[in-house]
Structures are given as structure tokens and as C-alpha cells.
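**Q** sequence first, predicted coordinates after that:
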2 protein chains.
Amino acid sequence: MNHTSLKFTLAPHFRISKLAVKLQILPAGTCLITLRFLMTFLSVFSCRVIQSKNEAFPVGSHVVAYCGWRSHTVCDEKGLIPIIAAWPKDISLSLALGTVGMPGLTAVYGLEEILELKQGETLLVNAAAGAVGSVVGQIAKIKGCKVVGSAGSDAKVAYLKELGFDVAFNYKTVDSLEEALKTASPEGYDCFFENVGGPSSTVALQQMKDFGRIAVCGNISTYNDTAPQTGPYPQMVILMKQLKMEGFMQNRWPHKNEETLKRLMAWVKEGKVKCREHVTKGFENMPAAFMGMLQGENIGKAIIAV
Amino acid sequence: MNHTSLKFTLAPHFRISKLAVKLQILPAGTCLITLRFLMTFLSVFSCRVIQSKNEAFPVGSHVVAYCGWRSHTVCDEKGLIPIIAAWPKDISLSLALGTVGMPGLTAVYGLEEILELKQGETLLVNAAAGAVGSVVGQIAKIKGCKVVGSAGSDAKVAYLKELGFDVAFNYKTVDSLEEALKTASPEGYDCFFENVGGPSSTVALQQMKDFGRIAVCGNISTYNDTAPQTGPYPQMVILMKQLKMEGFMQNRWPHKNEETLKRLMAWVKEGKVKCREHVTKGFENMPAAFMGMLQGENIGKAIIAV
């Protein structure tokens, strides 16, 4: 071969520096992949195979790759996951990083493995317009549940209503989160898909029904903290209402991924799960896109197109 | 009949006032019970039937009664639970309020229904010399687990070692709770039976293994608070370690009580579960006994003998 790979590095002040590296040899068993889409800061990429000495990854196939920040990478099968078979032509491969990828798996496993959400129950999800939250709410609707979502802008709230959420509100503009939650579901909540953490959790836990279940999926309100935020210990309400709270990551059920991704793709094709992406062009704009995500700028999955 | 019942009332400054009431009629279907033992402040009593017009509760039988604060009470079967059949003569009936009663059920259900404790696992229990904690630790030993207990005096620690706890320490005198927990189980804890709450929880959660389970049974460190105590939100450690935390009360599994009480009694008779009680004599001393319990004075179940 005779390819140039751009190696991206995080430079001071969150700038991306680039270095051109010549690639010359493609060892047996490897293939050369080129970066198409990436998730902000996580080293998970949607890639296309452009040269191959590995039958499992023929030229033209697409993979999700866990590798370094490079425009072109020589890989063996370690760290490469083929995208599901028969990926439809009209569905963007970026979805392999979103609704039909890790965030989609996170939504399904949180609802099915952790919350064991049942038809007719009421679910609360926050950061509801995000990559995970928006899928959570739509799947809960497919399962016949009442879905209440909170988000941080009126545009996001409008998007949630478009997606079929029963109630959606802007937590930044309501007079009281407690009142908003009570109004949305006066009888309380069976399940709470927690993406935010911090003080809003304290309020939400008080609105759970007895025996309510909480899936702790994210803590976006605390990721920027230099010291841990404090608030009332939740153990007392967990005891009094006999709540169950469980933290989880999607990589706990790898044996279910294939079947789950197929279900997600089917929902997407049928239009039952809609997805919106917040696409930023150019690897060098990734840090700004990441900071924007933490500040709540994006609706749907934050994706970088290279 | 022609009995005098003493009616006890909580008077100002936590004193008990008494009022004599004449009992004259025993309606069909009821029986007259006399108070033998009670739990501090909870209206749960171990009683003896002394007159009866109800075949289910013959004279001389013993019951656990949920009724008012009286020396003698006329009851129908509502609020009366017969103690298990064949209660051994040499086992104090006060145990119907302790190891072979609610606290014993609490220990079993916390370990079996909530924690699903498995042989070979490591369990942490705090307030370990209390009515529930001491039974928790002993049952976990029966189940083949390593048991670490914390308590608030050297006498309690000595008692825990007598009961077979693998490690016991006085949380009031250790230099650092974190170090004490690390030393007791450097590889961390699979399960945590939480009776205390407050800042000690924050430390304990950090010592859980990944996928650790926490049964929230009590929050004794916070019951006296006029405003909720605050501390770091636990959701971040719950997420990172994928912990499961669940609050529970023993009255959730009434259909299992009979079988469970029989098992508890068998363990007591075989000497596999030992019990100590902290008995205070006289109903009028109950408030002082209750306050003593909150201050950590008792080893084992706090019981009032009338």
C-alpha cells in the first residue's frame, strides 16, 4: 500500500494537532480502515475497510473500531466489530455509533435488564433529548408505557413531543422541578432512567412510587466537578419507598448485542424509533463538539464526521 | 371477667403516664391478652392469652399483637399473630420480638431476597451487634460467607467475635473507617447490609466490588436529624461500580414468614444463631430504653419486660 495516515493528538487548550504518518506494510491478517464517523472523545469509530488481508473484513465492509485517533489505521480483528449484517443503504453508518450502537444498546439494557419495565408503567427519563434518552423514551412507548422526559431547552422539548413522549418539559424554565414531576404524573413514577445525577435526583427520588426502580446510566451534571457535589443522602427515601437503584454500563451483556442491534435496526427502519444526530464536521472540531455536548447544545447523538 | 387494664400514654418529657381502666365484657370472637414483652416504641407486643372466646387463641397460648399500649387488651384475631407452633419451653417468648420475630425476618429477607448472598462472598454489616445485625452476620456465616461487622463499643466487638464474625471493629476508635474496611477485606465487599446510613455509607460504597449489592435496612445515624444530612451523591460510585442498592422492609414477604420463622427457631435451638437481649424492666422505662438504643447502649435486641 502507500497511504498517509493523519495522527490526531490533543494539544494544549483543547486543540487537535495533526501529524502525517506513512503506512507501507499491511501484514497478513490485518486490514486498513479509514475513519468515517466518531463519537466525541470516546475512541469508538465507524470505519470503512479499504484494504484487507483478513477474510472476515473484506474491502468495502464497515466496522465499529476501538482504536487510536487516526484517519487510517492498520488493524487485526482485535478491536474491530463488524456492523450488523444487511445494514440498509439508506441508513447512515453514523447510526452504528448511536441508535444502532452503544447508546441504543444502553437504552435497551437499561430498560430491559435493569428496570424490567412493564407495559402500563410510568417512566421518567432525563437528558431525554440525548443519544440515550431519546431512544429510551421511544422504546418505552413501544412497550406501552407512559413516558415523561425532561430536557434543557424548548427546542429539545418540542423534539421530545415529536418523538411521542407523553409529557416533556424544560427543567431550566419550570418554576419547580418537583411540581413539574408531580403535574406530569401525580401518581408518581415506577421507573426512572437517570442520566443526570446531582440535585435533580433528590427531587426525582421523592416522586418515585413505592418499589420504584432507578437505572443509573449517567451523571452528566457532575462530570465537570472538581470536588464531588453533595446533597441529602438518598438512602432514607430508598428505604422508606423500598426503591431499587442500580448502576450499569452497556458492555455487561455482550452476548445479547447481536439480537439487540437487530431489534434496534428494525425499529429504526419501521420508523418506530426516530433518530436525530448532531453532526460536527472535521476531527479538529471534536473538542468543541464535546464541550458543547456537556453544555447541552446538541439534540440527539453528538457525532463527528471526518 | 373483671380485669383492670393499665393504659399507658406518652406524657411530656418522655414520661409514661398510667391510667387504670376496668374491663368487663369479653365479646364473642375475642380474647383477653396480657402484655409480657414489647419492643421499644413500636406497637408490637409478645402477649399471653388469659381469657378467650375465640378458638384460634385458647387460654395459655401466646401471640404477637399489634395493639395499643395496655397491660390487658381485648382483641379479635385482627392484629394477632399466633407464635409458631411448638415454641420450645426453654426459649424466652421475648424472642418472638427478636431473633424469631421481625428482626430475624428482616435479617433473612435482606440476605436472601435483596442481597441474594452466595456462598464464598464477603458481607459487610454495620450496627452489627444490634437485633438485626447480629442475626445477619450469623446467618451469613451459616451460608459460608466471610463476615465483617462494625459496631460502636469494644464490648460489642468482643460479642461479635464470640458470634463468629470473621472481622469486627469499633468504628468509633479506628483511625480511619476506610482503612479498617480495606484491612478487613482488601479485595472489597460483595454485599453490604446497611443499618446506619450517613457519612459511613459514603466510605463503605467505595469499598464495594464491582456489581456489589447493598440492602438498605436502616438509617440509624440519621433518625435524630431535624434536617437531612448531606454528603457526596452516591450515584457516581453506583454507576462506576455498577452497584445495586435496594431499600426494604420485612413485611414485603408475609407468605414466607411461617417457613422463615421455623428456620430461625431451628437455628436458635441448634445454637447456630445465638441471641442476646437488652432487657429493660417496666413499661415506664421504655422511653429511656429507646433513647439508650439510639445512643448505642444495647447489645442485641432492646426489649421491655412488663
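**A** Thanks, I have the structure now.
**Q** number of nearby residues for the closest residue to A:Leu6 other than its chain neighbours?
**A** Leaving aside its chain neighbours, A:Leu6 sits nearest to A:Ser71 (4.0 Å; criterion: CB to CB, 6 or more residues apart in numbering or on different chains). Every C-beta, even on glycine, is put in place using the N, C-alpha and C of the backbone. Residues near A:Ser71, counting by other CB atoms under 10 Å in any protein chain shown, number 18.
**Q** tell me the SS of the residue most central in space within chain A?
**A** Taking CA atoms, centre = their mean, the centroid of chain A lies closest to A:Pro103, which sits 3.0 Å from it. Put simply, A:Pro103 is helix when judged by DSSP: H, G, I helix; E, B strand; the rest coil.
**Q** tell me which element A:Ser17 falls in.
**A** Using DSSP states H and E, A:Ser17 falls within strand A:15-23.
**Q** angle of the next helix or strand after that strand against strand A:15-23?
**A** Proceeding N to C from strand A:15-23, the next assigned helix or strand is strand A:31-39, under DSSP H and E. Angle, strand A:31-39 to strand A:15-23, by axes from the mean of the first three to the mean of the last three CA atoms, to 10 degrees: 170 degrees.
**Q** read off the pLDDT value for whichever residue of the stretch 51-200 of chain A sits closest to chain B.
**A** Among the residues of the stretch 51-200 of chain A, A:Gly197 lies closest to chain B, at 4.7 Å counting by CB to the nearest CB. pLDDT recorded at A:Gly197 is 95.
**Q** and A:Glu297, by the same measure?
**A** pLDDT, read off for A:Glu297, is 81.
**Q** and the strands in the stretch 1-150 of chain A, which stretches?
**A** A:3-11, A:15-23, A:31-39, A:45-52, A:62-65, A:72-75, A:80-82, A:122-125, A:146-151 (DSSP state E, counting those that start in this stretch).
**Q** which residues are contacting the second one?
**A** When contacts are defined by CB atoms under 8 Å, 6 or more residues apart in numbering or on different chains, strand A:15-23 is touched by residues A:1-11, A:32, A:70, A:72, A:74, A:283-284, A:286-287.
**Q** and stretch A:233-243, anywhere near chain B?
**A** Yes - contact between stretch A:233-243 and chain B is present through A:233-243 (criterion: CB under 8 Å from any CB of the partner chain).
**Q** picking up where we left off before, so what's the residue of the stretch 51-200 of chain A closest to chain B up against?
**A** Here A:Gly197 is in contact with A:216, A:218-222, B:233, B:235-236 (CB under 8 Å, 6+ apart).
**Q** can you redo those as TSV with distance to B:Glu277?
**A** TSV is the format used below for these (distance: CB to CB, whole Å):
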residue	distance to B:Glu277
A:Val216	40
A:Gly218	47
A:Asn219	44
A:Ile220	50
A:Ser221	47
A:Thr222	45
B:Tyr233	38
B:Gln235	39
B:Met236	41
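**Q** around chain B, pick out the residues from the stretch 151-300 of chain A.
**A** A:194, A:197-198, A:201, A:216-219, A:222, A:228-249, A:252.
**Q** I'd guessed A:Asp76 sits against A:Gly29; true?
**A** Yes - contact criterion CB atoms under 8 Å: A:Asp76 and A:Gly29 qualify, at 5.3 Å.
**Q** what residues are shared contacts of these two?
**A** A:Asn54.
**Q** how about the residue nearest to the centre of chain A, nearest residue that isn't a chain neighbour?
**A** The shortest distance from A:Pro103 to any non-neighbouring residue, by CB to CB, 6+ apart, is to A:Ala131 (3.9 Å).
**Q** what does A:Arg36 give?
**A** A:Ser46 is the one closest to A:Arg36 (CB to CB, 6+ apart), at 5.0 Å.
**Q** would you mind extracting the C-alpha trace of the longest helix along chain A into CSV?
**A** Secondary structure assigned by DSSP state H gives helix A:257-270 as the longest helix of chain A. These are the backbone C-alpha positions of helix A:257-270, laid out as CSV (Å, rounded to 0.1, in the frame of the first residue of the first chain):
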residue,chain,number,x,y,z
ASN,A,257,-25.7,-7.3,21.4
GLU,A,258,-26.3,-9.0,18.1
GLU,A,259,-30.0,-9.7,18.7
THR,A,260,-30.5,-6.2,20.3
LEU,A,261,-28.8,-4.3,17.5
LYS,A,262,-31.1,-6.2,15.0
ARG,A,263,-34.2,-5.1,17.0
LEU,A,264,-32.9,-1.5,17.1
MET,A,265,-32.4,-1.5,13.4
ALA,A,266,-35.8,-3.0,12.8
TRP,A,267,-37.4,-0.2,14.9
VAL,A,268,-35.4,2.4,13.0
LYS,A,269,-36.5,1.0,9.6
GLU,A,270,-40.1,0.8,10.7
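**Q** may I see the buried residues of that helix?
**A** A:257, A:260-261, A:263-265, A:267-268 (16 or more other CB atoms under 10 Å in any protein chain shown).
**Q** out of these, the closest to A:Glu112 would be?
**A** Nearest to A:Glu112 among the buried residues of helix A:257-270 is A:Thr260, at 8.6 Å by CB to CB.
**Q** just the CA atoms of stretch A:186-200, as PDB, please.
**A** Output of stretch A:186-200 as PDB, limited to C-alpha atoms (Å, rounded to 0.1, in the frame of the first residue of the first chain):
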ATOM      1  CA  PRO A 186     -49.500  12.800  40.000                       C
ATOM      2  CA  GLU A 187     -49.400   9.100  41.000                       C
ATOM      3  CA  GLY A 188     -45.600   9.000  40.800                       C
ATOM      4  CA  TYR A 189     -43.100   7.000  38.800                       C
ATOM      5  CA  ASP A 190     -42.500   3.300  38.500                       C
ATOM      6  CA  CYS A 191     -39.200   3.700  36.800                       C
ATOM      7  CA  PHE A 192     -36.500   6.400  36.400                       C
ATOM      8  CA  PHE A 193     -33.800   6.300  33.800                       C
ATOM      9  CA  GLU A 194     -31.200   8.500  35.300                       C
ATOM     10  CA  ASN A 195     -28.700  10.300  33.000                       C
ATOM     11  CA  VAL A 196     -28.100  13.500  35.000                       C
ATOM     12  CA  GLY A 197     -27.500  13.000  38.700                       C
ATOM     13  CA  GLY A 198     -26.900  15.800  41.200                       C
ATOM     14  CA  PRO A 199     -29.700  17.800  42.900                       C
ATOM     15  CA  SER A 200     -32.300  16.800  40.400                       C
END
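**Q** show me what counts as buried in that stretch.
**A** A:188-198, A:200.
**Q** mind picking the two most distant members of these?
**A** A:Asp190 and A:Gly198, at 22.4 Å, using CB to CB across the buried residues of stretch A:186-200.
**Q** just say helix, strand or coil for A:Leu205.
**A** helix.
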